[in-house]
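# attaching a predicted model along with its sequence, questions to come.
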Amino acid sequence: MEYRKTIGIEVHCELKTKEKIFSPSLSNYGSIANTNANIIDMAYPGVLPQFNSEVLSFAIKACHVLNLNITKKMHFDRKNYFYADNPKNFQITQNETPIGTNGYVEIDINGKKKKIEILEMHIEEDTCKSVHSDKYSLLDYNRAGVPLIEIVTKPCMESALEAVKYLEKLRELLLYAGVSDCKIEEGSMRCDTNVSISKTNELGTKIEVKNIGSISNVGEAINYEAKRQEEILEKGEKLREETRRFDDKTRTTILMRVKETGNDYRYFPEPDIPYVNLTDDFIHDAINELSRMPDERRKDYEKSGILPINIEKIIANKEISDYLENFLDINLVIASNLLLGDIQSYLNKNNLKIEDTKLTHQKFRDLVNKLDKKEINNKIFKDILIDIMETSKDIDDIICDKGLNVSFDDNLLNSIIDNVLSNNEKIISDYKNGNTRSAKALMGLIMKEGKGKIDPSAANEKLMEKLNSL
Amino acid sequence: MLTKEEVMHVADLARIEITEEELQKYQKDLKILLDEVDKIKDIDDFDDEKMFSPTDNTFDLERKNISVTNENVLLNVPKKMGNFVEAPVMINE
């Protein structure tokens, strides 16, 4: 009989509020050490927390997208511990009244839907960042007091794949809810996982793996850990509850500490922050600020005929997806191809964002509609791309100024085709003898003659018509 | 009465040295203090909600800007390295 894996995951996400949760210091990432720290963050004697209500609004949004029940009356608790990353000697968190309870995230495993159940989500403050060496530890209080949400699943996942899918989905939801950057590499999303294995219905010994640096590493850590535990059990030895970490270099998990007894954090209600009573209005206002979630957007993209691979490319790039939200009434296939293709490469090459360019919404709409109605072709688009992005002129003016108007004049098209056909009897007879590539050669000549001013698909249609009637 | 070992442990945690005479005195004094704290158990119908928070939703109070300059933040730090606060090496990550 095989061992069955049971996996639970805890995720910490930094909320990207402007200021910290209990002090007005900025909550920026990447500032010079200790420049976003004030006397509250450094726990000077006598200072009191000043609660930032923006945190509540962010947390409510997260609760909503994770299908959690919102706790309307709640308080904060002190988690007491002595460690240099927290100068107060306690962390303000929510132990008894987490803001969200009993939610879920739906994932897709090989075409089958599975709900990953979320036990709770609570709000807490981040601790300061510490860098360790053999001789000293260096502390940066910029991170102390940055608001966090901690999201705890039930032990309900059975494979590394499920865990990875859950984390990808969670990340996507929080990103689209606009509450966190979810950058694992910068520490704004941190994953800890609990892994146990068992052959019976009873859960095995729970082992925690902390500080895993990427979502794919979570999958690797789970598989490594399950195999390690199996080898120990197969030797007839017993497992002990312990905390391990995933080592990037060796791709293994390494023991950090054995959990002999549960830590006693002496939790008690934080007396310096009054109870929070969330009103229905406050909750609705927060939820109303949410933009459309990825699955809803996927449905629209699918309906409009965007290829599945491109749908995922768009969703993976929130900026593009957000931009498309303004253009749901035009041809989304063309719009998304432009954004994922030439426009994206232009932006990457010049290190710009769309809003840094001269591409207004109106211009983008015109551009897509002109391509859709074949008033311009792809070649012309490529020719005018730089002008579109860098000048304030509208599309018609750009096309006119460059002399690129595609003619939809049938007479012009007819005369070009007739001219080419009358001068290339050899190729025509090749075609008649079954060489289909000859038609391509003729098209090439026609397009050359048309100097980019004729529509290729109309020309091709007309050419075939004429060839077949000869 | 507390045991001598308990008092020594408390003194150790408080980072103070005490004499044998003081030790005996604290054995009695700390007992009196702890007995006072024990009275909390006699309160009927105790729940933490009644413990505090006569008002709620005071989080919309204006948050005062109390940022201090970088030099001032690090002014009281016993040891620093560049802009970092230097602390004794920590192993319990």
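Received it, and whenever you're ready, just let me know what you need.
# and stretch A:275-282, which residues are buried?
Buried residues in stretch A:275-282, defined by neighbour count with 16 or more other C-beta atoms under 10 Å in any protein chain shown: A:275, A:276, A:278, A:282. Using the backbone N, CA and C atoms, a C-beta is placed for each residue, glycine as well.
# how deep is residue A:309 tucked in, by neighbour count?
Per other C-beta atoms under 10 Å in any protein chain shown, the neighbour tally for residue A:309 reads 7.
# you'd agree it is in a helix?
Yes. Applying DSSP: H, G, I helix; E, B strand; the rest coil, one finds residue A:309 inside a helix.
# contacting residues for residue A:129?
A:85, A:139, A:140, A:142, A:143, A:187 (C-beta atoms under 8 Å, 6 or more residues apart in numbering or on different chains).
# over to residue A:183?
Residue A:183 sits in contact with residue A:189, where contact means C-beta under 8 Å, 6+ apart.
# measure it to chain B for me?
21 Å (C-beta to the nearest C-beta, to the nearest Å).
# any stretches of chain B with poor pLDDT?
Filtered on pLDDT under 70, chain B yields the residue ranges B:45-71, B:91-93.
# and the strands in it, which stretches?
Here chain B has its strands, by DSSP state E, at B:80-81, B:84-88.
# what's the most buried one of those strands?
Neighbour counts (mean count of other C-beta atoms under 10 Å in any protein chain shown) averaged over each of the strands of chain B peak at strand B:84-88, with a mean of 18.
# in TSV: the buried residues of stretch A:275-282, plus pLDDT.
As requested, the buried residues of stretch A:275-282 are exported to TSV (pLDDT from 0 to 100):
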residue	pLDDT
A:275	85
A:276	89
A:278	91
A:282	93
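# quick one: residue A:127 and residue A:84 touch, right?
No. Shown here, residue A:127 and residue A:84 do not form a contact pair, counting by C-beta atoms under 8 Å, at 9.5 Å.
# of those two, who's got more company?
The residue with more neighbours, out of residue A:127 and residue A:84 and counting by other C-beta under 10 Å, is residue A:127; that gives 21 against 17.
# who's in contact with the closest residue to that one other than its chain neighbours?
In space, and not counting its chain neighbours, residue A:127 is closest to residue A:85: 4.2 Å by C-beta to C-beta, 6 or more residues apart in numbering or on different chains. Taking C-beta under 8 Å, 6+ apart, we find residue A:85 in contact with A:127, A:128, A:129, A:130, A:139, A:144, B:90.
# gap between residue A:85 and residue A:278?
30 Å (C-beta to C-beta, to the nearest Å).
# and if you look at residue A:111?
Separation of residue A:111 from residue A:278 (C-beta to C-beta) stands at 39 Å.
# longest helix in chain A, please.
If you go by DSSP state H, chain A has its longest helix at helix A:215-234.
# what helices or strands is the next helix or strand after that one leaning on?
Toward the C-terminus, helix A:215-234 is succeeded by strand A:242-247 as the next helix or strand (DSSP states H and E). For strand A:242-247, the contact count by 3 or more C-beta pairs under 8 Å, 6 or more residues apart in numbering or on different chains; DSSP states H and E identifies strand A:207-212, helix A:215-234, strand A:252-258 as packing neighbours.
# for chain B, what's its nearest residue on the stretch 151-300 of chain A.
residue A:275 (4.1 Å; C-beta to the nearest C-beta).
# sorry, slip of the keys, the one I care about is the stretch 301-450 of chain A.
residue A:351 (28.7 Å).
# which among the strands of chain B is found nearest to chain A?
Proximity to chain A (C-beta to the nearest C-beta) singles out strand B:84-88 among the strands of chain B, at 3.8 Å.
# what comes into contact with the closest one?
Counting contacts by C-beta under 8 Å, 6+ apart, the residues outside strand B:84-88 that touch it are A:33-34, A:84, A:130-131, A:136-141, B:74, B:77, B:79-80.
# of those, buried ones?
Buried among the contacts of strand B:84-88 by 16+ other C-beta under 10 Å: A:33, A:34, A:84, A:130, A:136, A:137, A:138, A:139, A:140, A:141, B:74, B:80.
# what is the nearest of these to residue A:104?
Comparing the buried ones among the contacts of strand B:84-88 against residue A:104 with C-beta to C-beta places residue A:130 closest, at 34.6 Å.
# tell me which strands whatever helix or strand that closest one lives in pairs with, and in which orientation.
Using DSSP H and E, residue A:130 maps to strand A:129-132. Looking at strand A:129-132 with DSSP bridges, its partner strands are strand A:136-140 (antiparallel).
# give me the distance between the strand it pairs with and the centre of its chain.
When distances are taken as C-alpha atoms, centre = their mean, to the nearest Å, strand A:136-140 is centred 32 Å away from the chain's centroid.
# list, one by one, the residues from the stretch 51-200 of chain A near chain B.
Within the stretch 51-200 of chain A, the positions adjacent to chain B are A:51-53, A:56, A:73, A:75, A:83-85, A:96, A:130-141 by C-beta under 8 Å from any C-beta of the partner chain.
# ok, 10 Å please
A:51-56, A:73-75, A:77, A:81-85, A:87, A:96, A:128-142 (C-beta under 10 Å from any C-beta of the partner chain).
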